Every structure is written in C-alpha cells, then in structure tokens.
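[1] Turn this into a structure:
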Amino acid sequence: MIETKRKTVAQQRKYSVVDGASAKTICSMWLDEQKLSMVINFGLPEVDDRYHIWRVPLLYVHTGQTLGEIVIDAHTSLIIESKTTSPQVIEARILGRDSNGVEKKRQNKKSLAISAPSDLRNTIAFGDSEEMLQELPSESVGLIFTSPPYYNARPEYADYITYEEYLLKLRKIIIQAHRVLSEGRFFVMNIAPVLVRRANRNEASRRIAVPFDVHRLFVEEGYDFIDDIIWEKPEGAGWATGRGRRFAADRNPLQYKSVPVTEYILVYRKHSEKLIDWNIRNHYDKEAVQNSKISGDYEKTNIWRIKPSHDKRHPAIFPVELAEKVISYYSFSGDVVLDPFAGLGTVGKACVKMNRKFVLIERDEKYMRYLRAEAKEWLGKDASKILTINSSPINTDDILI
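    Numbering: from 1, shown residues only. Down below sits the predicted model:
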C-alpha cells in the first residue's frame, strides 16, 4: 500500500509561505537589505497558524546568541515590520550594548505612527475587494463597516459554487482587512442567515446560519468578539420570504417556522493587548475625540429597531440610519471608514454627513455607475476630488454652483 504524504499545516491553510526553507529565503533578502546577512544564522522557523505567521529566530553567527526574530505574514509573504526585531536592536545586541533605550524609542515611534492621521482620502475603487485591499497601506483605516452579498439567496447573488467557497472568499477579505485596520479598531459586519429555496416540491428549503460561521472566521483571523447587535425590522417585513405561511394556514405541529425580521450587526475589534481607552487617549486629534462624543439619545440595548430601505437599483441595501449609528459609535470625526462591498455607497453617504472619509470598493460595473452618480449628490463639485481606482475621475462639470 502506497502511503499518501500528509499535508503540512501551511499547505492545508494554503499559505504563500509553505515551509521553513521559503521563510528563510524571505528573511535572507531582508537581512541583505539591512547589511546583516554575514553575521546572522537562522534558528528553526516555526509557523503559528493561529495568527497565520512564520517566526524565524535570528542567531549571532559567532556565538549562537539569539538576537531576535523575523515575523512573516504567511498569506502574503510580507515581513511584518511591527513584530520583527528592528535592525538597530540587532546591531546593539551584536555589539553588546544595552538595547533598552533603542527598543523604547522604537515602541514610542510605533505608538505615534498608529495614532497619526491616515493619508487616505475619499476613494472609490472598482474591482474585487480581495485584490483592492492589498493596495491600501497597513493600519490606514479607522473603521470597517460592510454588508457582504448574501450566499446565493437570490439569482443575482449566485456567484459561488459552494457555501465553502463563499466562506473562503469572506475569510480572504477578513484577512486583508486585518492588515489595513488600525490597532484596536473595529470591523462591524451586517449579516443574516440566508434561505436557500428548494429546487422542487420534493426538496426542503435550507436555511444557513451564516453569522455563526462568519464569527468563527473573525476569531480565527485575529479579531476579538465585542457585540452581537440585533437589527429588528417592523413586523411583517419578513413575510416576503414565504417562511411561516404554511404553518399560518394549517397550524400543524412540526411545520412551525418563524418569520425572520432581524439581522445581525456583529462587532469585532482587531486584537490588541491595549484597552480601548488607549485608542482614545492616543488619538492624534483631541478636538476630534471631543467632537465625536455621542450627544442626546442613543441605543442603550443590543436591539436596534430600524426600518429597512429599498431601492429598485439594488436588491439588498441597508438603511443610512444604520450606517450612521455604526459610524458614530465606532469611529472618530475625520476617521477613514472602509466598505469592501459598497453597493450604492450607503456608507459613503453616511460618512459625508458625519465628517468621516470613505473608501468604497465595488466590483459590479452597474453598481459602480450608480455609486459615482451618488457621490455627486453627496459632495457636489467636491466629488471631483475623490480618488478613483480602475475608473475615470468623476466629472462634475454638469453640476450647477
């Protein structure tokens, strides 16, 4: 009997960096750039699949002393500078100097970088989110709020052959989002179970608990669970699904199915050892923090009662009110808010109203046309200042002053 070679963890996870030799090659190039390759050997590379990274110990070639480590993103093969021992610290240890001062200085510099304003401006990008997110700078976004397409719940959403393929796509986007999100900031997702209709009368319809599978993805990819907010729609909003009508007519036991009138607003924070207060205290603009305080009434429980919105141009939009609440509770004035599934641009509209910058990514050409037109409604002549990626600049010549 021929034994099948068992796949490594890296191969199972489909990492770009699949083995220790590949990790060492990447580290060698980094050491060459730092002019340190002649004095350093490598220890045993280890993959940490919980955080999707490779750790490669650095050893002094003459004594075997551990000088630090290089940390590599296993998916992208990029070196994570913030987690890698700095060249200054490595040199100080080689020379036998006290490196505490160097490390302290570096940590302070990192803290300042995290709390500095983002260089991003209002942006509309045409393309696949997985690819577009790779173009954004690390830790450049203050909040992510989105509602991903439903899994094949309607014919226009039938983009995925299997549910597993759908979840894999969401995982890839969650991974990329983790990189662009600033330390300790929030990723909020509006998502709901979906009903996959039966193909014929001899089959049963199937309801998939998407939010619970998505929760697992977030936790596995370095986010901390914060809240599950229930968006409750007015009674009668869910009857369009047809769910519950059979029981309403026959009243037979076992046929009971509740009519869905809720969706989940799942709130996650990019994992950080620092408390949320740290994000508030270290914000670069104290006036913006003060101006962002919530005044008047606010949502005191995790049940938000908001009327749904409808637009004949798009089958599944969420209301601007919902976006406004999320943005006000989870970001500061002047922050960059990202929506990787922009649709008609509801998040962008709310951002303009609430003095935030937006980054909107949309891959559907039809929705992109609508989105560009909507931006002119929000910003008027200033829409011409929007950075457009894979799309021509927005022409505002037809707008009367």
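
[2] drop to CA atoms for contacts and neighbour counts, all remaining ones
    Will do.

[3] Straight-line length of stretch 120-127, end to end?
    18 Å (CA to CA, to the nearest Å).

[4] which of the residues in it are buried?
    L120, N122, T123, I124, A125, F126, G127 (16 or more other CA atoms under 10 Å).

[5] So which residues lie in contact with it, not counting its own?
    With contact meaning CA atoms under 8 Å, 6 or more residues apart in numbering, stretch 120-127 is reached by 132, 140, 336, 357-365, 368, 385-391.

[6] do stretch 187-194 as well
    Residues outside stretch 187-194 that contact it (CA under 8 Å, 6+ apart): 143-148, 150-151, 153, 207-211, 262-270, 326.

[7] Might you specify the subset of those located within strands?
    Judged by DSSP state E, the contacts of stretch 187-194 include 143-146, 207-208, 262-270 as members of strands.

[8] most surrounded residue in those residues?
    Neighbour counts for these (other CA atoms under 10 Å) peak at I144, which has 28 neighbours.

[9] Would you confirm that that residue contacts L338?
    Yes. With contact defined as CA atoms under 8 Å, I144 counts as touching L338 (4.7 Å).

[10] gap between the closest residue in space to I306 that isn't next to it in sequence and E91?
    Once flanking residues are discounted, I306 sits nearest to K233: 5.8 Å by CA to CA, 6 or more residues apart in numbering. Applying CA to CA, the value for K233 to E91 is 61 Å.

[11] Then D382?
    D382 sits 50 Å away from E91, going by CA to CA.

[12] the more surrounded of those two?
    More crowded of D382 and E91, by other CA under 10 Å: E91, with 15 against 12.

[13] host element of that one?
    With elements taken from DSSP states H and E, the one containing E91 is helix 87-94.

[14] for that helix, which positions count as buried?
    For helix 87-94, by 16+ other CA under 10 Å, it's V89, I90, R93, I94.

[15] State the distance from the first one to R281.
    Taken as CA to CA, the spacing of V89 relative to R281 amounts to 28 Å.

[16] The last one now?
    Between I94 and R281 the distance is 36 Å, computed by CA to CA.

[17] Any idea how many residues pack against L379?
    16.

[18] got a list of what it touches?
    V352.

[19] That one belongs to a strand?
    No. Counting by DSSP: H, G, I helix; E, B strand; the rest coil, L379 is not found in a strand; it is helix.

[20] I'd like the numbering to begin with 4 instead of 1 from here.
    Yes, from this point I'll number from 4; that puts the last item at L382.

[21] on that earlier part again, out of the buried residues of stretch 123-130, flag the one nearest to D22.
    G130 (31.5 Å; CA to CA).

[22] Please report phi then psi for K310.
    Main-chain dihedrals, K310, degrees, to the nearest 10: phi -70, psi 140.

[23] any idea how far the nearest residue to it once chain neighbours are set aside lies from V213?
    Spatial nearest neighbour of K310, excluding adjacent residues (CA to CA, 6+ apart): K236 at 5.5 Å. Going from K236 to V213 by CA to CA gives 19 Å.

[24] Just the CA atoms of stretch 144-158, as PDB, please.
    Extracted in PDB, the C-alpha atoms of stretch 144-158 (Å, rounded to 0.1, in the frame of the first residue of the first chain):
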ATOM      1  CA  VAL A 144      -8.400  52.600   8.200                       C
ATOM      2  CA  GLY A 145     -10.200  53.600  11.400                       C
ATOM      3  CA  LEU A 146     -13.400  51.500  10.900                       C
ATOM      4  CA  ILE A 147     -14.700  48.900   8.600                       C
ATOM      5  CA  PHE A 148     -18.500  48.600   8.100                       C
ATOM      6  CA  THR A 149     -20.000  46.400   5.500                       C
ATOM      7  CA  SER A 150     -22.700  44.000   4.500                       C
ATOM      8  CA  PRO A 151     -21.400  41.200   2.200                       C
ATOM      9  CA  PRO A 152     -23.500  39.800  -0.600                       C
ATOM     10  CA  TYR A 153     -25.900  37.000   0.500                       C
ATOM     11  CA  TYR A 154     -24.800  33.500  -0.300                       C
ATOM     12  CA  ASN A 155     -26.900  32.500  -3.300                       C
ATOM     13  CA  ALA A 156     -30.100  33.600  -1.700                       C
ATOM     14  CA  ARG A 157     -31.200  35.200  -4.900                       C
ATOM     15  CA  PRO A 158     -30.300  34.500  -8.500                       C
END
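
[25] who does whatever helix or strand Y332 lives in touch, helix- and strand-wise?
    Assigned by DSSP H and E, Y332 belongs to helix 323-333. Contacts defined by 3 or more CA pairs under 8 Å, 6 or more residues apart in numbering; DSSP states H and E place helix 323-333 against strand 144-149, helix 349-356.

[26] is it possible to export these to JSON lines including distance to K17 and mean pLDDT?
    Putting the helices and strands packed on helix 323-333 into JSON lines (distance: least, CA to CA, whole Å; pLDDT from 0 to 100) gives the following:
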{"stretch": "strand 144-149", "distance to K17": "26", "mean pLDDT": "97"}
{"stretch": "helix 349-356", "distance to K17": "33", "mean pLDDT": "95"}
